[in-house]
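show me the folded form of this:
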Amino acid sequence: MSDNLLRDIPKGAYYRLVLLHGWGADADDLIPLGRELCQVIKPPVELVALRAQQRHPQGLGRQWYGLFPSDWAAVPDAISQLQARLKALETPEIPLQRTALLGFSQGGAMALASGCDLPLAGLIGCSAYPHPNWVAPSIRPAVLLLHGRQDDVVPYAASEQLLKSLKTSGLETALVSFEGGHCIPGELIPRMQQALHSWFN
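A predicted model of the protein is given here:
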């Protein structure tokens, strides 16, 4: 299977949305969400779902790096590989400046860690968390964080910590909380669409 499990390129695509799945999932996990988000964006949006480089230790799904136990030493290489893959997606028709990145859980952590150092249109981190000693760069894309207050997998405090770090730059940042757990609720799809529309236009 290639790096891009799915790559929808509608005619006249002018923007790009890249999806990063969570620990133990695979690239197809976020495709329905991505398609729904792209429906309201004009001109059309190219949709790309990337799969993590490593196999999940239990044999199903993938991981960006080991989590149980946490293999933090592998994070810099995982970020470097992901950044190279994101740069490889760039075309004259759709540069990085018209590319947004959305990640869930471990994919959200990777989206923030890799995307903040690239000239992207914006980043969406769903149930994300900061890697140890991560510091947000002073120049970075706009960021929208979504997190459930009852999340028992990645505590809500993780996004609060991300927000604190991101706000030091004074650039666009928002944290939207919801009553729920480790998920991306349908009622927040309009909020994500609003962010994408703002960043792309």
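
and L6, that one's in a helix?
No - counting by DSSP: H, G, I helix; E, B strand; the rest coil, L6 falls outside a helix, being strand.

right, and it touches P32 too?
No - with contact defined as CB atoms under 8 Å, L6 does not reach P32; the gap is 10.9 Å. All C-beta spots, glycine's among them, are computed from the backbone N, C-alpha and C.

ok, those two, which is more surrounded?
Between L6 and P32, L6 has the larger neighbour count (other CB atoms under 10 Å), namely 17 against 9.

just give me the neighbour total for L86.
The number of residues packed near L86 is 22, by other CB under 10 Å.

that one and L96 touch, don't they?
Yes - taking contacts as CB under 8 Å, L86 lies within contact range of L96: 7.2 Å.

next secondary structure after the helix or strand harbouring A113?
Assessed by DSSP states H and E, A113 sits inside helix 106-115. Next in sequence after helix 106-115, counting helices and strands by DSSP H and E, comes strand 122-126.

what pairs with the next helix or strand after that next one, parallel or antiparallel?
Using DSSP H and E, the helix or strand that follows strand 122-126 towards the C-terminus is strand 142-148. If you go by DSSP bridges, strand 142-148 pairs up with strand 122-126 (parallel), strand 173-178 (parallel).

what helices or strands is the helix or strand following strand 142-148 leaning on?
Downstream of strand 142-148, the next assigned helix or strand under DSSP H and E is helix 156-166. The contact analysis (3 or more CB pairs under 8 Å, 6 or more residues apart in numbering; DSSP states H and E) places helix 156-166 against strand 142-148, strand 173-178.

give me phi/psi at L89?
Dihedral pair for L89: phi -70, psi -20, per degrees, to the nearest 10.

the one 3 residues further on now?
Taking degrees, to the nearest 10, you get phi -60, psi -30 for the backbone angles of P92.

pLDDT wise, what is it at?
Predicted confidence (pLDDT) for P92: 94.

what's the spacing between it and R98?
Separation of P92 from R98 (CB to CB, to the nearest Å) stands at 11 Å.

circling back: intersection of neighbour lists for L86 and L96?
Common neighbours of L86 and L96, using CB atoms under 8 Å, 6 or more residues apart in numbering, are L118.

wait, what's in contact with E187?
So E187 contacts F178 (CB under 8 Å, 6+ apart).

part of a helix, is it?
Yes - per three-state DSSP, E187 lies within a helix segment.

go through the helices and strands packed on helix 156-166 and pick out the most buried.
strand 142-148 (a mean of 24; mean count of other CB atoms under 10 Å).
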